[in-house]
Each structure stands twice: as structure tokens, then as C-alpha cells.
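> Mind folding the following:
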Amino acid sequence: MRHLVVKNHIVNEANLIEVKKDDRVLRLEEYIGNPVWKNWVYCLSHDTLAEGWIPRAYLKDIGDESILLEDYCSKELTVTVGDVVELVKFINSWAYCIHEKSGNTGWLPLESLEPIFM
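Numbering: from 1, shown residues only. As a prediction, this is how the structure comes out:
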């Protein structure tokens with residue numbers, strides 16, 4: 001579904017993590033606080049040592065570690081008000097989108113988007 005960007009979003013890739021299905025990660029922190037981050041877990045990849053936030057629903061816990069249930073990349077998408085994106089999927093108040101003009105992909109907070117009804 002197409003969405004209009006109603007709030008600018010600038011990429012924060014300080015903690016970019018990309019993991020594949022069945023990769024193992026160490027869970028470092030469960031987020032507590034802002035509801036936008038509810039059900040997100042800060043993890044460390046065993047293979048790459050990259051760190052970042054992963055949706056809780058993508059993880060199967062085994063002790064202090066988890067196994068990824070599907071591929072995941074925390075890459076966000078830079079957008080400005082007035083841009084149009086295609087929402088591919090959403091989880092935990094974030095949407096994975098394709099930018100209509102550039103074709104770039106990444107995550108955006110749902111609060112930055114409004115559906116376009118035609």
C-alpha cells in the first residue's frame with residue numbers, strides 16, 4: 001500500500017545489523033520505555049559482531065542467545081515530507097518500505113507515514 005511521508009526521517013546506521021535466518025545472536029538488552037520500541041531486542045551477531053535492534057518476533061530464544069527465524073536488516077530509509085513509499089510489511093510500530101522514486105528500501109517509523117487512499 002502506498003503511503004505519504006508526513007514527517008522527515010534521517011537514517012541512523014550507528015548500529016546497523018544484518019542477519020540471516022538461522023544465524024545466532026546474543027541478546028544484550030530488551031527495550032523498555034518508548035512504546036515505539038516495544039518488543040525490540042538489542043543483539044550482537046556471532047558471525048559479524050555487528051550490533052543492533054531486532055524485532056522480538058524474529059527471534060527464537062535458546063538460553064541467553066537467539067536464533068533468527070527469518071532474514072533481517074536494520075537499515076533505515078531517509079525520507080522527507082511529501083515523499084511517497086510503498087509499505088511492504090510492518091512490525092512493532094515500524095514499516096519496511098520502498099521509496100517510490102529512488103527504489104531504496106529500509107525501515108521507517110509508522111508515525112512518519114499516512115496511507116494514500118485512491
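
> all strands of this protein, in order?
2-5, 18-19, 24-30, 40-45, 51-55, 59-62, 65-68, 72-73, 84-91, 94-99, 105-109, 113-115 (DSSP state E).

> ok, and for the first one, which residues are buried?
It refers to strand 2-5. By neighbour count on 16 or more other Cβ atoms under 10 Å, the buried set for strand 2-5 is 3, 5. Any C-beta I mention is one placed from the backbone N, CA and C, and that applies to glycine too.

> likewise the longest one?
Neighbour counts using 16+ other Cβ under 10 Å place 84-85, 87, 91 of strand 84-91 among the buried residues.

> circling back to that earlier point, could you dump the strands of the chain into JSON lines and include distance to residue 11 and mean pLDDT?
Shown next, in JSON lines, are these (distance: least, Cβ to Cβ, whole Å; pLDDT from 0 to 100):
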{"stretch": "strand 2-5", "distance to residue 11": "14", "mean pLDDT": "97"}
{"stretch": "strand 18-19", "distance to residue 11": "14", "mean pLDDT": "96"}
{"stretch": "strand 24-30", "distance to residue 11": "22", "mean pLDDT": "95"}
{"stretch": "strand 40-45", "distance to residue 11": "17", "mean pLDDT": "94"}
{"stretch": "strand 51-55", "distance to residue 11": "13", "mean pLDDT": "94"}
{"stretch": "strand 59-62", "distance to residue 11": "24", "mean pLDDT": "97"}
{"stretch": "strand 65-68", "distance to residue 11": "22", "mean pLDDT": "97"}
{"stretch": "strand 72-73", "distance to residue 11": "13", "mean pLDDT": "96"}
{"stretch": "strand 84-91", "distance to residue 11": "14", "mean pLDDT": "96"}
{"stretch": "strand 94-99", "distance to residue 11": "12", "mean pLDDT": "96"}
{"stretch": "strand 105-109", "distance to residue 11": "7", "mean pLDDT": "95"}
{"stretch": "strand 113-115", "distance to residue 11": "16", "mean pLDDT": "96"}
